[in-house]
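>>> take this sequence and fold it.
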Amino acid sequence: MTATLVAIAGAFGCVIRFLFEYAVRRHHPTLRPWATVGANVLGTAITGYVAYRLLAVSDEHLRSIILTGFCGGLTTFSSAFAIPALLQREHHWAYSLALVVTTPLLCTAAFLVGMSLAH
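Purely as a prediction, here's the structure:
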């Protein structure tokens, strides 16, 4: 049952990311790579919050559903590095480097903010 709920939550996270990226691409096409960064930062902040809050509850099933399912679907490590690679192919070196450098920094900060909010 938990695996089914993880899959459903993951699908929901994927749809949220798709809608977010679609909205950004539609209104600001040049900012599309930053939509992926934004989705990763949001998902990491939620992960920090939930990880801190649910450590006290110790509900492994709920943690799996939210962290592995929803946050796993919302965030995307593969896209976080596929997009910079595509930008490099188009010779947008600085833009690519900015994404590669800022994504882990922003996600680390977001995780800590999420934990702080939960505390």
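
>>> now the element after the strand or helix carrying residue 33, going C-ward?
Per DSSP states H and E: residue 33 is located in helix 32-57. Downstream of helix 32-57, the next assigned helix or strand under DSSP H and E is helix 60-63.

>>> where does pLDDT dip in this protein?
55-56 (pLDDT under 70).

>>> can you give me the helices in it?
2-27, 32-57, 60-63, 72-74, 77-89, 93-118 (DSSP state H).

>>> residue 69 contacts residue 4, correct?
No: assessed by Cβ atoms under 8 Å, residue 69 is found out of contact with residue 4, at 9.9 Å. Heads up, the C-betas are built off the backbone N, CA and C, glycines and all.

>>> more crowded one of these two?
Remark: of residue 69 and residue 4, residue 69 carries more neighbours, 23 against 10, as counted by other Cβ atoms under 10 Å.

>>> need the residue in this structure that's farthest from the chain's center.
In the chain, the residue that sits farthest from the middle, by Cα atoms, centre = their mean, is residue 91; the gap is 25.8 Å.
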